[in-house]
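**Q** sequence-free structure coming up:
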């Protein structure tokens, strides 16, 4: 069975600092990995996805993630965060059936 | 292009009442998903449909929950009878394929008193 673990439930950071949100997965089959962001009172929006190819994936809003098969990780990074990046971030894994398994989410809080 | 549309946005009702949540997926998307989000359990997949056919309903908590997709542009999630522990935000999402992102609606915030 597939599962996703987001290692930090909350990450406080100051504006313009770099940030890394950690995600580990377990799966016995080829995986497809996603990061979604949820702003207050809204649904989830796709930040980026990894299906195959280059292990470094660039997404919207300056975010990027690196797929590491040996460490079964897919950590999300941004070199310099803004107040507007304050939101909840979800890592998810999918098989080719299209079903997504989400992690518990990481609340990113950017302070001035 | 209109996104996934859910209604109502908020619903407050008393326990024992029937609740119906509605979803209109994005035109051309052939897969539809219903999720429930709570602080305690996070985001849980309840059921999903491919081409209007239910594929996996293993996440549906119990027989009080049912979902239908009578056509490609409409789905409902029904709870009967409702209980306070059903209080949550319910999301609908749609996608055109397994390698495409899921597009989420803004959710229905359900409170059962």
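**A** It's in. From a predicted model like this one, the values you see are computed outputs, not experimental measurements.

**Q** quick one: average confidence on stretch A:24-40?
**A** Average pLDDT, stretch A:24-40: 87.

**Q** So residue A:3 sits against residue A:26, correct?
**A** Yes - between residue A:3 and residue A:26 there is a contact under C-beta atoms under 8 Å: 5.0 Å. Just so you know, the C-beta spots here come from the backbone N, C-alpha and C atoms, and that holds for glycine as well.

**Q** Name the residues contacting each of the two.
**A** With C-beta atoms under 8 Å, 6 or more residues apart in numbering or on different chains applied, the contact sets of residue A:3 and residue A:26 do not overlap.

**Q** Would you agree residue B:104 is in contact with residue B:95?
**A** No - if you go by C-beta under 8 Å, residue B:104 and residue B:95 don't touch, sitting 10.1 Å apart.

**Q** other SSEs contacting the helix or strand residue B:11 falls within?
**A** Using DSSP states H and E, residue B:11 sits in strand B:10-13. The helices and strands touching strand B:10-13, judged by 3 or more C-beta pairs under 8 Å, 6 or more residues apart in numbering or on different chains; DSSP states H and E, are strand B:19-24, strand B:108-112.

**Q** Now do the buried residues in the shortest one.
**A** Yep, that's strand B:108-112 we're talking about. Neighbour-count burial for strand B:108-112 flags B:108-110, B:112 (criterion: 16 or more other C-beta atoms under 10 Å in any protein chain shown).

**Q** ok, that strand: who's next to it in the sheet?
**A** Sheet pairing for strand B:108-112, assigned by DSSP bridges, gives strand B:10-13 (parallel), strand B:88-95 (antiparallel).

**Q** Identify the residue spatially nearest to residue 111, adjacent ones excluded.
**A** Assuming you mean chain A. residue A:14 (5.4 Å; C-beta to C-beta, 6 or more residues apart in numbering or on different chains).

**Q** right idea, wrong chain: chain B
**A** residue B:12 (4.6 Å).

**Q** same check, this time on residue A:43
**A** Residue A:43 sits nearest to residue B:104 (C-beta to C-beta, 6+ apart), 3.1 Å away.

**Q** who does the worst-scoring helix or strand of chain A on mean pLDDT pair up with?
**A** For chain A, using mean pLDDT, DSSP states H and E, the weakest element among its helices and strands is strand A:100-102, scoring a mean of 88. Take DSSP bridges as the rule and strand A:100-102 pairs in its sheet with strand A:87-94 (antiparallel).

**Q** gap between the strand it pairs with and the chain center?
**A** Distance of strand A:87-94 from the chain centroid (C-alpha atoms, centre = their mean, to the nearest Å) equals 5 Å.

**Q** Pull out the buried positions in stretch B:27-34.
**A** B:29, B:31-34.
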